[in-house]
Structures are given as structure tokens and as C-alpha cells.
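Engineer: I'd like to go over a predicted model; first the sequence, then the structure.
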Amino acid sequence: MKKRFLLVLPIAALFASCGNINTGGAMDMSATLTGSEVAVNVVNVYKANTDGSKGAYINSRVRSFTLTQPRLDVAVRPASLGFTASKVTVKYTDASGNAFGDTASTFTNAVAFAVPKGYNCSVSGACDTSNVNPVPQTFQQSQLYVISDAIAVTAARSCVDGSYAVASGYVCPEVRMNAVFSGKTSANTDNTLTASPAQIWVHVASVTDEVVK
């Protein structure tokens, strides 16, 4: 889902993983966030010449932008406990690692998804400790709300500073996010799942010229 701005409930994808059998062990999984984007539509403003044609450049402004939230991919290693997430905390930085977005640089939001255990059952319909097999699992969750509206607005505005005309395809200053999901393992213990640092692709998608008197 793309969210368009002028200036989700997440899709459940649960994998079968031995029901409520407590297989012991530890949580052993890795996570990545991909596909996040802020596509910005910019207006370049010019002064009209006496004949009405486009004259000197005045400034640029953001007309609108479209925010696309990322997809979460989790690789579960064999024998890992499962994980049910209830909260995400995201910290946004620039390319140098400095906080991005001033007071909006940290964002917390409720989430709801369950990552399966690293097991399957060798006997269909009869899952107990005698017939569980350690296996790798994969999990995906689309359109997680991990990029706040405030950060999207700030990222879009970073594409223009008013000192030069912006061209379509311009790649804006880099924005990164570091997301940590909090919740409980399938053994009912508190734990966290940290996603690899991810970049938010912020770019100019379209440019419109405006001539003013």
C-alpha cells in the first residue's frame, strides 16, 4: 500500500510451527526491511518575463509525495523459538549516523505479527515433542508502519532548499532507519528482534514548472 500526502493493518502471514509445543532452545533469527520509499513531486517556480515566458528561477517547493512502507523479511534458523511482536521502536539517521528529524527522530508504534519456530512436525495433525524436526523457516510481513508521517514530511522537504531548480530523478539526502521489534518468544519470555539498518529511498519522482508574475 502506498500512502499519498498533500503539502495497515498489516497483512497476517503466519506459518505452521508445531502448535503450542515448547521445544526449548533460544530465539535465533535475522530480519531485514526493504522497499521503503518517499517519492516526491516538486514544483520549480520561475518569474515570468514580460512576454509571459519562463524567466529567472525563484525557488522550489514540495507539491506532494507518496510514502511506501517497507516489507519485513525474517530468516528463522533451525531449532529457533518463535517470536510474537507487539511494538516497534525506530531511530532515523542521516548518512553520517546523526539523528534525522529532530524530535521526530525516534518513533514507537504498535505492531502485531508472529514469526514461526524453527521446527515442523513429522506427523500431520499429531504434533508433540516426539516428532518435531528442526528446520529453517522464512516469514514476510508487508506494509509495516515503521516510517512515521513526520519523518516522511521531513525527508520530502530535504529534497529542496530553494537555491536551485530540481530535476526529476534527483536522489535526495540519505535517510536510514534502525528498527527494533519487542515482544515475546514462543516460550513466553520477553525478547527483541533487531532488523538490519535500512535505507529509505527518498527521490524526486516528478517536476512541474510554475511561472508567476
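Structural biologist: Everything's here; your move.

Engineer: Low-confidence bits of the chain, can you list those?
Structural biologist: The model of the chain has pLDDT under 70 over residues 1-25, 122-130.

Engineer: mind listing the helices for it?
Structural biologist: Applying DSSP state H to the chain gives helices spanning 149-157.

Engineer: Geometrically speaking, which residue is the centre of it?
Structural biologist: In the chain, the C-alpha closest to the average C-alpha coordinate belongs to residue 70, at a distance of 3.5 Å (Cα atoms, centre = their mean).

Engineer: Which parts of the protein are strands?
Structural biologist: Per DSSP state E, the chain carries strands over the ranges 2-6, 29-34, 37-48, 54-68, 71-76, 83-94, 106-115, 119-121, 132-134, 137-141, 175-185, 190-194, 198-212.

Engineer: Which one, of those, ends up nearest to residue 152?
Structural biologist: Of all the strands of the chain, strand 54-68 sits nearest to residue 152, with 4.5 Å by Cβ to Cβ. Any C-beta I mention is one placed from the backbone N, CA and C, and that applies to glycine too.

Engineer: Return the list of strands paired to the closest one, each annotated with direction.
Structural biologist: Using DSSP bridges, the strands paired with strand 54-68 are strand 2-6 (antiparallel), strand 37-48 (antiparallel).

Engineer: Highest mean neighbour count out of the ones you listed?
Structural biologist: strand 37-48 (a mean of 19; mean count of other Cβ atoms under 10 Å).

Engineer: got the contact list for that strand?
Structural biologist: 54-68, 147, 152, 155-156, 159-160, 165-166, 172, 175, 200-213 (Cβ atoms under 8 Å, 6 or more residues apart in numbering).

Engineer: Now which of these would you call buried?
Structural biologist: Buried members of those, scored by 16 or more other Cβ atoms under 10 Å, are 60, 62-68, 147, 152, 155-156, 159-160, 166, 172, 175, 200-202, 204-205, 207.

Engineer: how about CSV for the strands paired with strand 54-68, with distance to residue 120 added?
Structural biologist: CSV is the format used below for the strands paired with strand 54-68 (distance: least, Cβ to Cβ, whole Å):
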stretch, distance to residue 120
strand 2-6, 35
strand 37-48, 35
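
Engineer: OK, contacts around residue 213?
Structural biologist: Neighbour list for residue 213: 47-48 [criterion: Cβ under 8 Å, 6+ apart].

Engineer: Let me fix that, I meant to ask about residue 163.
Structural biologist: Residue 163 touches nothing, counting by Cβ under 8 Å, 6+ apart.
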